[in-house]
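1. need a structure here:
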Amino acid sequence: MSGSNGSSAPSGSGEASRPLLRVRLDLAYDGTAFSGWAAQPSLRTVQGDLSAALTTVLRSPDPVRVTVAGRTDAGVHARGQVAHVDVDPAAWASLPGRSDRDPGVALVSRLGGVLPADVVVREARLAPDGFDARFSAVERRYLYRIADTGAVRDPLRRHDTVWWRKPLDVDAMDEAARSLVGLRDFAAFCRQREGATTVRTLLDFSWIRLADGVLAATVRADAFCHSMVRSLVGAVVPVGEGRRGPDWPRALQDRAERAAGIHVMPPHGLSLEEVVYPDDSELAARALATRARRAPVAG
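-> Take a look at the predicted model:
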C-alpha cells in the first residue's frame, strides 16, 4: 500500500482495487511500560497499542499497519515521533460522524478515547504525495538526560533521567562528542544486523548542563542504527568521569567494528524529540534515496 494520491491497494471484499489515503500521525509516548515500538507477540508495544486503537476507530476488518519514522527500544520515550497509515477513503470521511470537524481532528479525538494514557496522538492529517514516515525523513533528533552528583535529582523525572553516582565534566564530554560528527561508519556504536549498513551522517552530538544541573545531550543524524545513541552516550561518559581522554571515542570509531568497551546507557534517559522532513516536492525523491544502500566510507 502506498500514498494518498493515485495509489491503490486491494479491497477486503476482493473487488477492484481503490485508492487509499495516506495519513500522517504525530505522536508522543512514555516508553516506561513498553517493550519498545515494534509489535511483538505477548508483549506490550507502542505499535501494538496504536494499531489496535486505529483498527477499532477506523472499524477496519484487518489490523491497521503503522509505519514509523524511528523504532525506539524498550523504555525509550518520544515527544516527536511520526508515523503513517494508509486509510480507506470511506473510513476517513466517516470519522466526523454528524459533526463538521475535520476528519483528522476527529481521529485524534477518537484515538484519545481508546489509547492508554501513556500514548498520545497529537495530530492526524492527510500526507503530501510521496510521504513516507520512515524513508522521507532527513534527520532525527534525540535528547539524553543524566543527573550526576552536581544535579538536582527530581523524583518526578526519574523515568526520563538517568541518575549517575559520579561527577561528570560536561566540557570534556562535549569535546569528545563533537569529534564524532560527520559522515562515518558507526559500526563501533551499533549492534550489527545482517545485511544492514552502519554508515550514518551524525549532524550534531553536543552536551550542555541545564539550569538544574542535569546534563543534556543533543544527538542528530540522518538515521540511527540499533543502540547507536545510547552507545554514543556511553562512549563519552568515561571521558566525563576522567577515566578516558577526549580522543578515546574517536579512536573507537576509527576501528569500524563493534567496540566491546562501550557501555550501552539505560534506555529511560533517551527521548526522540523531532523528525525532520524536506519540502513536499522532495519527499518522494528522499524516500528513494534513503532506500538505496549507503556505500562504505573510505578512510
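
2. so residue 32 sits in a helix?
-> Yes. Membership of residue 32 in a helix is supported by DSSP: H, G, I helix; E, B strand; the rest coil.

3. Contacts only, for it.
-> Counting by C-beta atoms under 8 Å, 6 or more residues apart in numbering, residue 32 makes contact with 75, 77, 118, 159, 268. C-betas here are computed from N, CA, C, even on glycine.

4. if we take these, which one ends up nearest to residue 173?
-> Residue 173 lies nearest to residue 268 out of these, by C-beta to C-beta, at 19.3 Å.

5. need the contact list for that closest one.
-> By C-beta under 8 Å, 6+ apart, the contact set of residue 268 is 31, 32, 75, 76, 77, 159, 160, 161, 162.

6. one step back: check the contacts of residue 32 and tell me the two furthest apart.
-> The largest separation in the contacts of residue 32, counting by C-beta to C-beta, is between 118 and 268 at 13.0 Å.

7. sorry, back to before: in strands, which of the contacts of residue 268 fall?
-> 77, 162 (DSSP state E).

8. Reformat the contacts of residue 268 as TSV; add pLDDT and distance to residue 109.
-> Formatted as TSV, the contacts of residue 268 follow (pLDDT from 0 to 100; distance: C-beta to C-beta, whole Å):
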residue	pLDDT	distance to residue 109
31	98	24
32	98	25
75	97	29
76	98	27
77	98	24
159	97	27
160	98	27
161	98	32
162	98	35
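
9. could you point out the longest helix in this structure?
-> With secondary structure taken from DSSP state H, the chain has its longest helix at helix 228-241.

10. Output the following helix or strand past that one in PDB with nothing but the alpha carbons.
-> The first helix or strand that comes after helix 228-241 along the chain, using DSSP states H and E, is helix 248-253. Taking C-alpha atoms only, helix 248-253 is exported to PDB below (Å, rounded to 0.1, in the frame of the first residue of the first chain):
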ATOM      1  CA  TRP A 248      39.000   7.900  23.100                       C
ATOM      2  CA  PRO A 249      35.600   7.800  21.500                       C
ATOM      3  CA  ARG A 250      37.000   8.800  18.100                       C
ATOM      4  CA  ALA A 251      39.700   6.200  18.400                       C
ATOM      5  CA  LEU A 252      37.000   3.600  19.000                       C
ATOM      6  CA  GLN A 253      35.000   4.900  16.000                       C
END
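
11. Buried residues in the helix or strand that helix 248-253 is followed by, which are they?
-> Remark: after helix 248-253, the chain's next helix or strand is strand 270-276, criterion DSSP H and E. The neighbour-count check on strand 270-276 (16 or more other C-beta atoms under 10 Å) flags 270, 271, 272, 273, 274, 275 as buried.

12. and if you look at stretch 43-55?
-> Buried, per 16+ other C-beta under 10 Å, within stretch 43-55: 45, 46, 47, 48, 49, 50, 51, 53, 54, 55.

13. which residues are contacting that stretch?
-> 25, 27, 29, 31, 33-40, 60, 62-66, 68, 72, 78, 83, 85, 111, 114-116, 119, 121.

14. Before I go, just wanted to say thanks for your time.
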